[in-house]
Structure formats: structure tokens, C-alpha cells
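Visitor: Predicted structure and sequence below. I'll ask about it afterward.
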Amino acid sequence: MSPSRPRATKAVIPAAGLGTRFLPATKATPKEMLPVVDKPAIQYVVEEAVAAGLRDVLMVTGRNKRALEDHFDRAHELELLLAERGDEDRLARVRASSELCAMHYVRQGDPLGLGHAVLCARAHVGDNAFAVLLGDDLMDERDPLLSRMLDVQQQYGGSVVALMEVDPAHIHQYGCAAVNLTDEDDLVRIVDLVEKPKAEEAPSNLAVIGRYVLAPQIFDVLAETRADGRGEIQLTDALRQLAATGSGGPVHGVLFRGRRYDTGDRSDYLRTIVKLACERDDLGPDFSSWLLEYVEKELAPRLRGA
């Protein structure tokens, strides 16, 4: 089947959370600006959107998030200083974030959940399909998940959700999809979604991870979706309705089997930094050598004595 509809061109990145898991570091610094090696986590997400061809990015922010806007803006005084010093390498890295794409911002006035944050993008997105990227999930650039999702949406219409197989014992930490198989190995048709089910009640071990390509009909559904017990509007509930009614076209799931890095809590954040540092050509050899020595000489003896 050949594509019969325009490809999505806009991305929405919700970034209004308070980052309470990282206090006190996030008391004055947005969680999204915490460094992952030498770039803030949010820059990896924006770079992923751009690499998939989405050069119009709307960030949904809240209070005390001005640092996000500053990071993706020009820093004229710093650039001038680096230029005068002839430090072309750092100058290029400083400019990179401001030259990625067209950045836009809207505030989520009330902390009413992910569904409400997506709804805040309605005026900017209009009547077009669009991508949503959550900042806690970083996808390895060698595994182009988002491009595949955009291809699927362009071909079949409707909405597309990224799914990943997880240990059934951990499915209660995720939204979970009930699916029908298709003729394509990495593509399923979603028939139902359950938010954080108990392991014994989960319809599968397919967890929803933080990438979506959504039909614009999601906005009408979100506007009518009731808040849950915590007072939040869940995107999962709206997608579940779209899957049940088909009013916005089919809801497909792309099975992601690539490399994903989680920055959602402190332990996962630290693991992500170590993994990405080891992968770097400029840092990996020295850092990996030090890490191996540290584990063998200091950490292993302590663990054996525990």
C-alpha cells in the first residue's frame, strides 16, 4: 500500500513536570535540563525529532522552565567570547541547540496530566497528525523508532504508539496494550489499552513507551476525557477510546526492539549516563577503562564482603 496522506511535520514535547524524584537538584533547575554526559536530556529528544524530519517543535512547559527556552535560544555573549578565543569546537556545540529547528512554547497552566499537556498543543498543531515525545525516554539514534512510526501513520492513517516487550512482573509500571497481529513483524493493531494493570490482569507484556504519532481527532477525545482519581487527564484513556471506536482511524503499535535509555528516576538516570559515556568515541575508551578498574578493585570487593 502506498502512502496516501501527508507526513506529519510537527512534534510536541511535554516538559511541564516538577521533577520531584530528583530533588533537590530540580528545585531551581528543570529536570529536562539535567545533563546526560554533556548535553541536557531534552536536547537528545529534540535531536531525535529533527532526525525524523520534524523541524517544528512545540514544547509544553510550566512555571520555572525558562531555562529550556534559554537553552534553545542564541547565547550571543557566550558565542562572541568563544569566537574571540578561537574555540570553534565549543562554539559549534553551543550554537547547535539553537539551530536545530523552529522551537515554540506554550504553558500548561495547571498540572492536569499528560493528556492535558497534549491538549495544550491543539492550536499549534491544527488538523494534522503530529508526534509526541516524552523526555524520560531517550532512543538511541542508531535505532530510528520515530521514523518508522511516521511511516506507519502516513501509510495507514490514525495513530501510532511505540510498544516494547517488558518482563510481565514489571508491566504494572506502564500502560499496556491488547493487540492483534498483522503481516508485519514489528507492527500490531491495538484494540485496547490499560493504564498500569496488575500483572495477572495485563492483556500482554507490551508496554507503552514515550513515543506517539497521533491523529488530530485525539484533541476532541481529550477535551471530553474525565480526569482520573489523581485529577489528571490520561492520554492512554483517549487512545483507548480511539482504538475502540475507530473514529480517528486505526491505532497501531510499533514494536521497538532497539536501545532505549530511561532517565525517569535517579538509578535509571545514572545508568543512562554510564551507558552513553561508554558508547562515545571521545570518552568511551578512557571512561570504560576506568570503570572496569573501579569495579574490579573497589566495587567487587565491597560487594563480596556484603
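Guide: Yep, it's here.
Visitor: Quick check: which ranges of the stretch 1-150 of the chain have low pLDDT?
Guide: Residue ranges of the stretch 1-150 of the chain with pLDDT under 70: 1-4.
Visitor: can you map out the helices along it?
Guide: Taking DSSP state H, counting those that start in this stretch, the helices of the stretch 1-150 of the chain run over residues 41-51, 66-71, 76-85, 88-96, 114-119, 122-125, 145-156.
Visitor: ditto for the stretch 151-300 of the chain
Guide: 218-224, 235-245, 266-279, 284-294, 300-305.
Visitor: Out of those helices, name the one with the poorest average pLDDT.
Guide: With a mean of 83, helix 300-305 has the lowest mean pLDDT of those.
Visitor: In that one, which residues are buried?
Guide: Of all the residues in helix 300-305, not one is buried under the rule 16 or more other C-beta atoms under 10 Å. Where you see a C-beta, it was placed from the backbone N, CA and C, and this is true even at glycine.
Visitor: ok, now stretch 117-137?
Guide: 117-122, 125, 129-137.
Visitor: with these in mind, which one is nearest to Ala83?
Guide: Gly135 (31.1 Å; C-beta to C-beta).
Visitor: need the contact list for the closest one.
Guide: Ile13, Pro14, Ala15, Lys31, Glu32, Ala41, Ile42, Val45, Gly210, Thr263 (C-beta atoms under 8 Å, 6 or more residues apart in numbering).
Visitor: circling back to that earlier point, tell me which of the helices of the stretch 151-300 of the chain is the most buried.
Guide: Each of those was given a mean neighbour count from mean count of other C-beta atoms under 10 Å, and the largest, a mean of 21, is that of helix 235-245.
Visitor: what's that one in contact with?
Guide: Here helix 235-245 has contacts from 113-115, 118, 132, 158-159, 161, 175, 190-195, 208, 212, 215, 217-218, 221-222, 225-226, 228, 248-249, 251, using C-beta under 8 Å, 6+ apart.
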